[in-house]
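>>> Any chance you could fold what I've pasted below:
(2 chains)
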Amino acid sequence: MGRLYAVEIVYRGIFQKTLAKNISRAIVLAAHKEGKPGISFGRYGDSPERNGIPAKAFAIVATDDITLEEGMAKYEPQEVDVSICVDDTLFKGVESWAWYGLQPINKLVKPGGTLIVTSVESPEVLAEMAHRKAAPYNMAIIKGTPSFSGLWVYKDDHSDVRILGAIAKVLPELFSLASVQETIRDEWHDELKATSAQRSFERLQTYTVQPTQGNPEEPYKFTMPKWTEMREGIAIPGIPMGHKMADPITGKEGGYRPERNPTFKKWATRTMRPVVDFDKCIKCTLCWLACPDSVFDVTPEGLYDANMEACCGCGVCEAVCPEPQCITMVNETAFPDNAGQWDAWRKDHDGYEKWVKEKIADRPERSHGFRFRGQYEEQVPDMLQIARQG
Amino acid sequence: MAEAIVPHQEFKKPQAAKGDETSLITGSEAIAVACKLADVDVITAYAIRPYDTVMQYIAKLVANGELDCEYIVAEGEHSQFEIVKHASACGARVFCGSSGVGWMYAMEALTVTPALRIPMVAMVGNRALDDPGAFGVEHNDALAVRDLGWQLVWVDSAQEALDVALMAYKVAEDRRVFLPLAISCDGAFLTHSQGIVKIPSREKVDSFLPRYNRGDLLLHPDNPISVAPQANEDWLMEIRRQTAAAMERSPTVIREAYKDFARIFGRDYGNPFFEEYMTDDADVVLVGMGTLSTPVKVTIRQMREEGKKVGFVRVRWFRPFAAEELAKSLGRFKAVGVIDRDFSLGSPFHSGVLANEVRSALYPAANRPPVLGFICGLGGREVTVPDVRKMSEKVYEAAAGKSQPLTQWIGLRE
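The predicted model follows:
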């Protein structure tokens, strides 16, 4: 048996589908330049044609064909040498269409393996966002906001080649920088991109994440029923009616909180979330009406509290809200948990006001989505500047 | 023609007959009468020969005030089968049907019905698939769904059509089964030929056939469920296994239904799955489905006068297929000839569908007589007495050990 290499790319559906494919293809092609056979594939069950859905692509490479076949016998690898996360909002965990429950972002990283992430956050913040892992692993940050390359967009900010340069650095046995650069010239015909890969290779810094770092929570799990336990006729019970809410201070009951899907939570589906300033709310009901996922709980006093179990972060509520800065979408990396906002507001009014101001200050950076024509023309030069600096 | 529609409020329940009536009706009309007796709630229709005779007879029953049902003429077969699928999910007893390419046009709806456990009862007026456009019988239309979870039964007389239609509701709507069921009637030979049929009273039918109870699968606001959500590889095998288990339970339920039927109506079909004719002392047998039974039986009687002991096994239920029982029966003979009124191009030995099912059933059996496949009577061509005689002689030759092609086309100009 020769040596088997596995790399996974964790990305978001549609917007990053081509980005992930480009990276996994280039890995295989660069390794092939050194005589190693390999395959590249996107996991089919993810249905990555869905907007923002967490998904994975893989590159499997081996020193010989027989070893490669050993790796291919299992569709999805159980552990990887390198895990690449092209969207740091996925650091809190991955909820795919291909499985039920939340998978830690570092789940497949081998002990001593490396997790490469595109982010503007510090290594400390990122390490805490990820779940704890029993063995130490390495983390390398490609500085930048999430790149997009999908069905409709191509934000050519060199994230792809910077990641490839980083792989050559952290796993030189897989391929050398020279092979990566050769592949880039073949595939993209762009010398500047080859230079970006080199800069990334030369300046990459890695951090060791210890077992004491990270989110200690047990990730949400779901046990699949046996065929004899499932209701026949592909029938699933409807979500039952909801119930009143209780005020955490007065105990007064009222309002309405709908029951929600007990097995599919939308924690990782979301790239941003609504922050609600309850003091600005005029109770117009528009967010509650427009929300496609029945996210808003109606509080006893008739306010609307966004429930983070159900929110997929689409931003419709912000768009329909007539009050300035009443609902503001904020990048998901700014939040450590899924706690309710109304609860915090009732318990500590002034503290909450301060928290809201902090979160929405300067109309926070929102990395996701294509919002206006010319957006990438504005963003790409900044990203290239970062790339040049390394 | 609005005036032809009977207003709902003017409907009067017909007076139930005291005993059996006798009537000269076609196989299609017999099915329509069964719909009336079973008090079907929702019927969808779209015209195509030869199935359209059923929709005409049912329309007449509705217009005459003899049947109170929703009668919906859809804009095509796909909608026709989708409408009854949904009505059945809501607890309605349903009926529909089609023929040939019409049945194929409904294929997507036919495919989704078994997994949803919809006890739809359909009539297939067997018809050749286009091209060329032809009206005559071939069994490939109904057989196209043979792997999908549809129960498939072939009948050979108007009386059997009526009786099996009543039993079809009892079997399909049994909670242990809840699978769709298609009754195949050979185009022209059964759908357009009248025979004397005993029509049982409504009281007898009521005592035989319980109401359709969809239980916890009922699509109703009081039972909030979602049906058929998107599912991935984590669920599909379990769902398929459930549907397979329902089909595995079906033979028991079919046996019970035939037994109850014999008790209440006094007509005993014996073994529900296949009929045996003059097999007790037979050297060789022919096997086939549908109305070719008549020329086969006549030929057998003629040949027996000449001392040739030929028998006949008419397969009724194709799905579920009574493999073990059939293999046990066929193991008694020196050779078997299977007459297919269908084709399965490129299949093993280029045989018809039934011949290869029979071969497959025999494989694990202790006694495996040689099996010849015959393709005969396609596109509504008659299966003649000389054809049957020719096939019988070939089976005799096979019994004597004479080597010959495993599939032969009979009644072909060559």
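>>> bridging residues for A:M139?
A:L115, A:Y207 (DSSP bridges).
>>> The stretch 201-350 of chain B: helices as residue ranges?
Assignment of helices within the stretch 201-350 of chain B using DSSP state H, counting those that start in this stretch yields the ranges B:202-208, B:236-265, B:293-305, B:323-330.
>>> can I get the ones you listed in a markdown table with distance to chain A, mean pLDDT and mean neighbour count?
From N, CA and C alone the C-beta is placed, and that goes for glycine too. A markdown table is the format used below for the helices of the stretch 201-350 of chain B (distance: least, Cβ to the nearest Cβ, whole Å; pLDDT from 0 to 100; neighbours: other Cβ atoms under 10 Å in any protein chain shown):
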| stretch | distance to chain A | mean pLDDT | mean neighbour count |
| --- | --- | --- | --- |
| helix B:202-208 | 25 | 96 | 17 |
| helix B:236-265 | 4 | 97 | 17 |
| helix B:293-305 | 36 | 98 | 18 |
| helix B:323-330 | 23 | 98 | 18 |
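>>> Does stretch A:296-314 reach chain B?
No: against chain B, stretch A:296-314 shows no contacts by Cβ under 8 Å from any Cβ of the partner chain, the least distance being 15.9 Å.
>>> circling back to that earlier point, A:A361: which of the helices of the stretch 201-350 of chain B is closest?
Closest to A:A361 of the helices of the stretch 201-350 of chain B is helix B:236-265 (Cβ to Cβ; 48.5 Å).
>>> Which single residue of chain A ends up nearest chain B?
A:G238 (3.0 Å; Cβ to the nearest Cβ).
>>> give the contact list for that residue.
B:224-226 (Cβ atoms under 8 Å, 6 or more residues apart in numbering or on different chains).
>>> And A:T206, by the same measure?
A:114, A:138-140, A:170.
>>> tell me the two of those that are most distant?
Most distant of the contacts of A:T206, by Cβ to Cβ, are A:M139 and A:V170, 10.1 Å apart.
>>> who's more crowded, those two?
A:M139 (24 against 18; other Cβ atoms under 10 Å in any protein chain shown).
>>> What about the residue of chain B found nearest chain A, how many residues nearby?
With Cβ to the nearest Cβ, the shortest gap between chain B and chain A falls at B:P224, namely 3.0 Å. When neighbours are defined as other Cβ under 10 Å, B:P224 has 12 of them.
>>> which residues touch it?
B:P224 neighbours (Cβ under 8 Å, 6+ apart): A:237-240.
>>> List buried members of those by neighbour count.
By neighbour count, with 16 or more other Cβ atoms under 10 Å in any protein chain shown, those hold no buried member.
>>> Please produce a markdown table containing these, extended by pLDDT, distance to B:A115 and secondary structure.
As requested, the contacts of B:P224 are exported to a markdown table (pLDDT from 0 to 100; distance: Cβ to Cβ, whole Å; DSSP: H, G, I helix; E, B strand; the rest coil):
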| residue | pLDDT | distance to B:A115 | secondary structure |
| --- | --- | --- | --- |
| A:P237 | 90 | 18 | strand |
| A:G238 | 89 | 19 | coil |
| A:I239 | 87 | 23 | coil |
| A:P240 | 88 | 25 | coil |
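>>> which regions of the chain sit below the pLDDT cut-off?
No chain was given, so I picked chain A. Scanning chain A with the threshold set as pLDDT under 70 gives A:362-373, A:390.
>>> That was the other one, I meant chain B.
B:1-19.
>>> Up against chain A, what does it have?
Selection of chain B residues close to chain A by Cβ under 8 Å from any Cβ yields B:115-118, B:178, B:216-217, B:224-229, B:231-235, B:237-239, B:241-242, B:246.
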